[in-house]
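Trainee: A predicted structure for the sequence below; I have some questions about it.
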Amino acid sequence: MKQIILLHLLIIIILTGCSNLFVSSLNQKMVASIKIGVAPGEIQIQTEETDGINEGDESDNGGNSKDGKNKDEKNKDIKKKPRWDDNALKTLTFKIAVHKNKIIAADNNFKRLQIFDDDGSLELIIGSINTKESKEKKSYKEVNFNFNVIGSFAMDNDNNIYVQNRLVTKSSTGDSDFLPSYIIVFNKNGELQYTMGKTGTQDIPFFYIEKLFIDSEERFFVLSRSFNSWELIRFNNKKREKYEDFSKLNFVETENNSTYKGAIENIEIFESGNGVIISVAYYNDVRFKYRKLYEYSLDKSEIVREITNIDDPKNVLFNIVDDKILYFWNIEGKETKFILFNMSGNIINNIKIDFDRNNIFSKIIHNESGTIYSYHVNDDRLKIYSWK
């Protein structure tokens, strides 16, 4: 009888272990395919270009082609074409976000923000508009606005758009992320509503903005970071109602006569807007020891509990869904895996996404409800996929 009980316990242990190791694959669905280019409804992506003269051109010994032109003249006549390979992407001047059934695309080459519906059809452009071309009748709306550098952006349930506008001047030097910026708010028609800084008015600008967020109560959050200093501001109808300076928190732990110092590496905001998850990496000198997650109450302005402890440095906090499921992602080789934890710190699922790695650029993002998306640059298009 004891042997049967032990056998049953062994089977349960094996099945439990296998459930933690089992990884289910999400299915992809292409949401939109946007052409790479300069026209409205397209996104310009800077790439390296091919050389001037084509390899098939014939020339005489003096370097002149059969039409009598020398190489320099021939180069001027040939239109350079983008080169698509692993090293072709020069600078990352575009950014994509998804909000419900809207795709938001920032294009800093043309200083414009474009809003598409969920099939990739252009609905709205906010930015520098060619007034001569804008007189033509179009299926989308254009609003003229002079952005400096578009940073983070978000959209609320009324399709109001919140945009970080970084102020870069001719005398600006160094990392543009740390230049002053303001939040500019447009309504769903692209009409300017107001501009706000750290106090809710325009008197004090923001600096490095990590992310913008809108909670279920339509309150607006700005999460800022400067080196190891993090701060969070919550606004309600333009009024600043909450400010948190997380640099006041001291993350130090002692174990076996060794002292580990912790540094905040990420903060995710609850959908309810009443708290955040703080991810802290602990180090012994410069050696990673472990990562801990804490729940921080904005009502109490304090850490209310430790959620879990993770030893693997490759598992990094990605998102929190429905205020109860923590997504950690692990990019290893050609695989992108997600481990899902509940708020008790227990693993409840393992998932992965498999996409074509033969892209010039790929990025994984999520929308406000936690749905995972990815967008990829390849050939002459930018393709956006949902994963469910």
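Mentor: Arrived safely. Numbers count the residues shown, from 1 in each chain.
Trainee: neighbouring contacts of stretch 234-241?
Mentor: 194, 196, 198-200, 217, 219-222, 233, 242-243, 273, 298 (CB atoms under 8 Å, 6 or more residues apart in numbering). Glycine gets a C-beta too; all of them are placed from N, C-alpha and C.
Trainee: what about Y194, neighbour count?
Mentor: 12 (other CB atoms under 10 Å).
Trainee: ok, so what distance separates it from F186?
Mentor: Distance from Y194 to F186, counting by CB to CB, to the nearest Å: 10 Å.
Trainee: ditto for K111
Mentor: Per CB to CB, K111 is found 14 Å from F186.
Trainee: Just give the nearest non-adjacent residue to V185, would you?
Mentor: Nearest non-adjacent residue to V185, counting by CB to CB, 6 or more residues apart in numbering: Q193, 4.5 Å away.
Trainee: ok but that neighbour is inside a strand, no?
Mentor: Yes: judged by DSSP: H, G, I helix; E, B strand; the rest coil, Q193 forms part of a strand.
Trainee: Contact partners for it?
Mentor: Here Q193 is in contact with N160, V185, F186, N187 (criterion: CB under 8 Å, 6+ apart).
Trainee: same check, this time on E42
Mentor: Counting by CB under 8 Å, 6+ apart, E42 touches I34, K35, I36.
Trainee: same question, G127
Mentor: Neighbouring residues of G127 by CB under 8 Å, 6+ apart: D107, F110, K111, R112, L113, Q114, V143, N144, F145, F147.
Trainee: distance of it from V163?
Mentor: From G127 over to V163 (counting by CB to CB), the distance is 10 Å.
Trainee: T371 too?
Mentor: Distance, T371 to V163, using CB to CB: 22 Å.
Trainee: Those two: who's more crowded?
Mentor: More crowded of T371 and V163, by other CB under 10 Å: V163, with 23 against 14.
Trainee: quick revisit: weed out the non-buried ones from the contacts of G127.
Mentor: D107, F110, K111, R112, L113, Q114, V143, F145, F147 (16 or more other CB atoms under 10 Å).
Trainee: For D323, state which of these is nearest.
Mentor: Within the buried ones among the contacts of G127, the smallest distance to D323 is 29.4 Å, found for L113 (CB to CB).
Trainee: Can you tell me the SS state at the closest one?
Mentor: Assigned with three-state DSSP, L113 falls in the strand class.
Trainee: Looks like it contacts I103 (just checking).
Mentor: No: applying CB atoms under 8 Å as the test, L113 and I103 come out as separate, 11.3 Å apart.
Trainee: Tell me how many other residues crowd the closest residue to I115 other than its chain neighbours.
Mentor: Nearest non-adjacent residue to I115, counting by CB to CB, 6+ apart: L124, 4.2 Å away. A count of nearby residues for L124, using other CB under 10 Å, gives 21.
Trainee: pLDDT score for the nearest residue to T259 once chain neighbours are set aside?
Mentor: Of all residues not flanking T259 in the chain, V252 sits nearest, at 6.5 Å (CB to CB, 6+ apart). On pLDDT, V252 comes in at 95.
Trainee: so who does V252 touch?
Mentor: Taking CB under 8 Å, 6+ apart as the test, what V252 contacts is T259, Y260, K261, G262.
Trainee: Show the residue spans covered by the helices in the protein.
Mentor: With DSSP state H as the criterion, the chain has helices at 2-21, 71-77.
Trainee: Mean pLDDT lowest where, among these?
Mentor: helix 2-21 (a mean of 43).
Trainee: count of residues packed around the residue nearest to F355 when sequence neighbours are not counted?
Mentor: Leaving aside its sequence neighbours, F355 sits nearest to S374 (CB to CB, 6+ apart; 6.0 Å). Using other CB under 10 Å, S374 has 21 other residues around it.
Trainee: Tell me how far S374 lies from S128.
Mentor: 29 Å.
Trainee: Repeat that for T93.
Mentor: Here the criterion is CB to CB. By it, T93 lies 14 Å from S128.
Trainee: Which one of those two is surrounded by more residues?
Mentor: Just comparing T93 and S128: by other CB under 10 Å the higher neighbour count belongs to T93, 17 against 12.
Trainee: For the more buried one, give me its contacts.
Mentor: The contact partners of T93, by CB under 8 Å, 6+ apart, come to Q44, I45, Q46, D107, N108, N109.
Trainee: same thing but 10 Å
Mentor: Neighbouring residues of T93 by CB atoms under 10 Å, 6 or more residues apart in numbering: I43, Q44, I45, Q46, A106, D107, N108, N109, F110, V149, I150.
Trainee: With K111 as the reference, measure out to it.
Mentor: Using CB to CB, T93 is found at 10 Å from K111.
Trainee: between those two, what contacts are shared?
Mentor: In terms of CB under 10 Å, 6+ apart, T93 and K111 are both contacted by the residues V149, I150.
Trainee: I'd assumed N367 was in contact with K100.
Mentor: Yes: look at K100 against N367 with CB atoms under 10 Å: they come within range, at 7.1 Å.
Trainee: These two: which is more packed in?
Mentor: N367 (17 against 12).
Trainee: Report the contact partners of that one.
Mentor: A97, V98, H99, K100, N101, K102, M155, N319, Y373, S386.
Trainee: swap in I339?
Mentor: Applying CB under 10 Å, 6+ apart, the residues near I339 are 20, 23, 310, 312, 315, 318, 326-330, 347-351.
Trainee: any chance you could map the strands in the stretch 251-388 of the chain?
Mentor: Taking DSSP state E, counting those that start in this stretch, the strands of the stretch 251-388 of the chain run over residues 252-255, 258-269, 275-284, 287-297, 302-310, 316-321, 325-332, 335-342, 347-353, 361-366, 372-378, 381-387.
Trainee: Nearest to K137 among those would be which one?
Mentor: strand 381-387 (26.5 Å).
Trainee: Any regions of the stretch 151-300 of the chain where pLDDT drops low?
Mentor: 169-178 (pLDDT under 70).
Trainee: quick one: pLDDT of the closest residue to G190 other than its chain neighbours?
Mentor: Once flanking residues are discounted, G190 sits nearest to V143: 3.5 Å by CB to CB, 6+ apart. pLDDT for V143: 96.
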